[in-house]
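In: coords please:
(2 chains)
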Amino acid sequence: MKGAAYDLLGVTRVYDGRRVLSVRELAVQEGEILAVVGPNGSGKSTLLRLLNFLEPCSAGEITYFGRRIEYPPPLDLRREVTMVFQRPILINGTVRDNLAYPLRLRSLQNRDRVEGLLAQFGLERLASASARKLSVGEYQRVALARALAAFPRVLLLDEPTANLDPYSVALIEGIVQSVRAAGRTTQVLVTHNVFQAKRLADRVVMLLEGDVIEAGNTRHFFDDPRDPRTAAFVRGEMVY
Amino acid sequence: MTFWQSLIDAARLLLTGYPELWRVIGLTMQVTGSALAISAVVGIPVGAAIALSRFPGRHLLVTVLYTGMGLPPVVVGLAVYLFLSRRGPLGGLDWLFTPPAMIVAQAIIAFPLVAGLTIAGLEGVDPDLRLQLRSLGASQAQVVRALLVEARGGVLAALLAGFGGIISEVGAAMLVGGNIAGQTRVLSTAIVLETRQGEFALAVAMGGVLLGLAFGVNALLLGLERRPNWRTGR
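Out: Numbers count the residues shown, from 1 in each chain, chains lettered A, B, ... in the order given. The predicted structure is shown next:
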């Protein structure tokens, strides 16, 4: 029986006196894909930064695999969680250098793992190419491969397929699904694309102006939403 | 003596291994290398610390550092002279008119250049990268190292500017070194002396060596920057 990867209780985040996130209660189950949807400015990226322990919450508590997190958490714990940012930045070097980077940070042997990732992500012919000369799709694939390199316990994805062509979207979604199938990594996916959330997620959370207005399993979320704003969002209508 | 005659004589002096010339070259390398090493060891971490942190007075500190990039060397030399003179606070060291005094003065001249240009280089790196490196599991020290590698163009410019400031400097070296033959005479101070004495061939030879050294060090550092291992920090 798998437990919760995260339990958030009364978590708020305030910037310059403005509350941008307020989560009364939210759990992320171990091994699942949790999609977080909502319009711009609803607090999705802020939620990911809190889950990545990159910044402290202003109030409330975050429990990670049963352990209450005090900010800043120890480095070994922080290293269990990696994130692909909405606008990822690769380090200046080759594709191979980028994939090896998280492993080097942890002083892990990297040769076989890097070669495996290059093959898995269809990047073999680009292994020695400069990361700064990749197409948008290739760049995003390298960023995802890099985030997975050190076998994270939790993978956070912030709009990983925004601005990508259908081929690249399918490739990245396939990898997300294969990570899900392997069952070792919990994934939290922020997306604007409700269809993507429907295709990939086990559960979906809807944020609006920093508040969780709906959370449930994917089928219920799309077929029988409780909140009329969720229903409108799912239909593709504007939600404020 | 014509200009061309000076050049011919200078080439002859270099080729025949004029001993005083080689002594001066050796001391120049020793003083310049030591001063640059000190200014780099202090200046790069200080520059990184200022670039990557926010604290009250930071803007003023950066302004002071940038002002220091144009510090008149002779004023630095005068200050070091007063500190190291027999009645100065550090007079007990007995460093005045020795290479250590020249190294101290030139490290002070190079420090704002190295720290200031390191700041400028790091501020040119995308600020989001810092957060993303942390997200990949980098410790604070690993973040700083990776950012310095990303900003290597600026860091290299900082080192080259520091080197240029030191090797071309005359005023401070003359004041605190005294231009003593065989002890504190370096290329820049020797050129001044030989020109005053009418030894144009030797002065031109030394000028050529100075230019050659500057070119060699610049070529070496730029070559290092292009090495893939240095690029990726491995």
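In: quick one: B:Ala115 and B:Ala49 touch, right?
Out: No: at 9.3 Å, B:Ala115 does not count as touching B:Ala49 under the criterion of CB atoms under 8 Å. Using the backbone N, CA and C atoms, a C-beta is placed for each residue, glycine as well.
In: the two: which is more packed in?
Out: B:Ala115 (30 against 14; other CB atoms under 10 Å in any protein chain shown).
In: stretch A:227-240: how far from the chain's middle?
Out: Distance of stretch A:227-240 from its chain centroid, counting by CA atoms, centre = their mean, to the nearest Å, is 23 Å.
In: how about the helices of the chain, start to end?
Out: Just so you know, I chose chain A. Taking DSSP state H as the criterion, chain A contains helices spanning A:44-51, A:75-78, A:95-105, A:111-120, A:136-148, A:166-182, A:194-200, A:218-223, A:228-234.
In: wrong chain, I was asking about chain B
Out: Counting by DSSP H, chain B has these helices, from start to end: B:3-15, B:19-51, B:58-68, B:73-84, B:99-123, B:127-135, B:140-150, B:152-167, B:171-172, B:187-196, B:200-226, B:228-232.
In: chain B against chain A: which residues are in contact?
Out: Contact residues, chain B versus chain A (CB under 8 Å from any CB of the partner chain): B:126, B:128-129, B:131-139, B:142, B:146, B:149-150, B:228, B:231-232, B:234.
In: mind giving me the PyMOL command for buried ones among the residues you listed?
Out: PyMOL command restricting those to the buried ones, with burial defined by 16 or more other CB atoms under 10 Å in any protein chain shown:
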select buried, chain B and resi 129+131+132+133+134+135+136+137+138+142+146+149+150+231+232
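In: circling back to that earlier point, most tightly packed of the helices of chain B?
Out: Each of the helices of chain B was scored by mean neighbour count; the highest is helix B:99-123, a mean of 25, by mean count of other CB atoms under 10 Å in any protein chain shown.
In: surely A:Glu173 meets A:Pro166?
Out: No: under the criterion of CB under 8 Å, A:Glu173 is not in contact with A:Pro166, lying 10.2 Å apart.
In: can you pull out the low-pLDDT segments for the chain?
Out: I went with chain A, as the question did not name one. Across chain A, the stretches falling below the confidence threshold (pLDDT under 70) are A:1, A:238-240.
In: hmm, I had chain B in mind actually
Out: Under the criterion pLDDT under 70, the flagged ranges of chain B are B:1-2, B:227-234.
In: residue contacts, the residue lying farthest from the centre of it?
Out: Outermost residue of chain B with respect to the C-alpha centroid, by CA atoms, centre = their mean, is B:Ser135; its distance is 36.6 Å. With contacts defined as CB atoms under 8 Å, 6 or more residues apart in numbering or on different chains, B:Ser135 is in contact with A:52, A:54, A:81-83, A:85.
In: 7 Å - rerun?
Out: The neighbourhood of B:Ser135, defined by CB atoms under 7 Å, 6 or more residues apart in numbering or on different chains, consists of A:52, A:54, A:82-83.
In: likewise A:Val81?
Out: By CB under 7 Å, 6+ apart, the contact list for A:Val81 reads A:51-53, A:152-154, A:156.
In: switch the cut-off to 6 Å
Out: In this structure, A:Val81 makes contact with A:52, A:154, judged by CB atoms under 6 Å, 6 or more residues apart in numbering or on different chains.
In: would you mind measuring from it to A:Thr191?
Out: The spacing between A:Val81 and A:Thr191, counted by CB to CB, to the nearest Å, is 19 Å.
In: that older thread, looking at A:Glu173 and A:Pro166, which one has more neighbours?
Out: Here A:Glu173 and A:Pro166 are set side by side on neighbour count (other CB under 10 Å), and the busier one is A:Glu173, at 16 against 8.
In: from the chain's centre, how far out does stretch A:215-224 sit?
Out: For stretch A:215-224, the separation from the chain centroid amounts to 20 Å (computed by CA atoms, centre = their mean).
In: with stretch B:89-101 instead?
Out: The chain centroid and the centroid of stretch B:89-101 are separated by 20 Å under CA atoms, centre = their mean.
In: distance between the ends of that stretch?
Out: With CA to CA, to the nearest Å applied, stretch B:89-101 spans 14 Å between its terminal residues.
In: list the buried residues for that stretch?
Out: Under the neighbour-count criterion of 16+ other CB under 10 Å, stretch B:89-101 has B:95-101 buried.
In: and if you look at stretch A:37-50?
Out: Buried residues in stretch A:37-50, defined by neighbour count with 16+ other CB under 10 Å: A:37-38, A:42-50.
In: is there contact, residue-wise, from that stretch to chain B?
Out: No: taking CB under 6 Å from any CB of the partner chain as the criterion, stretch A:37-50 and chain B are apart, separated by no less than 7.9 Å.
In: and that stretch, how far apart are its ends?
Out: For stretch A:37-50, the first and last residues are 16 Å from each other (CA to CA).
In: what does it contact?
Out: Applying CB under 6 Å, 6+ apart, the external contacts of stretch A:37-50 come out as A:13, A:20-21, A:36, A:55, A:57, A:156, A:158, A:190, A:197, A:206-208, A:210, A:239.
In: what subset of those residues is buried?
Out: By 16+ other CB under 10 Å, the contacts of stretch A:37-50 give A:13, A:20-21, A:36, A:57, A:156, A:158, A:190, A:197, A:206-208, A:210, A:239 as buried.
In: hmm, A:Pro56 and A:Tyr71 touching each other?
Out: Yes: counting by CB atoms under 6 Å, A:Tyr71 does reach A:Pro56; the two are 3.6 Å apart.
In: if I pick B:Trp95, what's in contact with it?
Out: Counting by CB under 6 Å, 6+ apart, B:Trp95 has contacts B:84, B:101.
In: one more pass at 8 Å, please.
Out: Shown in contact with B:Trp95 (CB under 8 Å, 6+ apart): B:84, B:101, B:104.
In: now do A:Leu123
Out: The contact partners of A:Leu123, taken as CB under 8 Å, 6+ apart, are A:95, A:117, A:138, A:141-142, A:145.
In: in CSV, list the residues you listed along with neighbour count.
Out: Output for the contacts of A:Leu123, formatted as CSV (neighbours: other CB atoms under 10 Å in any protein chain shown):
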residue, neighbour count
A:Val95, 29
A:Leu117, 24
A:Glu138, 18
A:Arg141, 25
A:Val142, 25
A:Ala145, 22
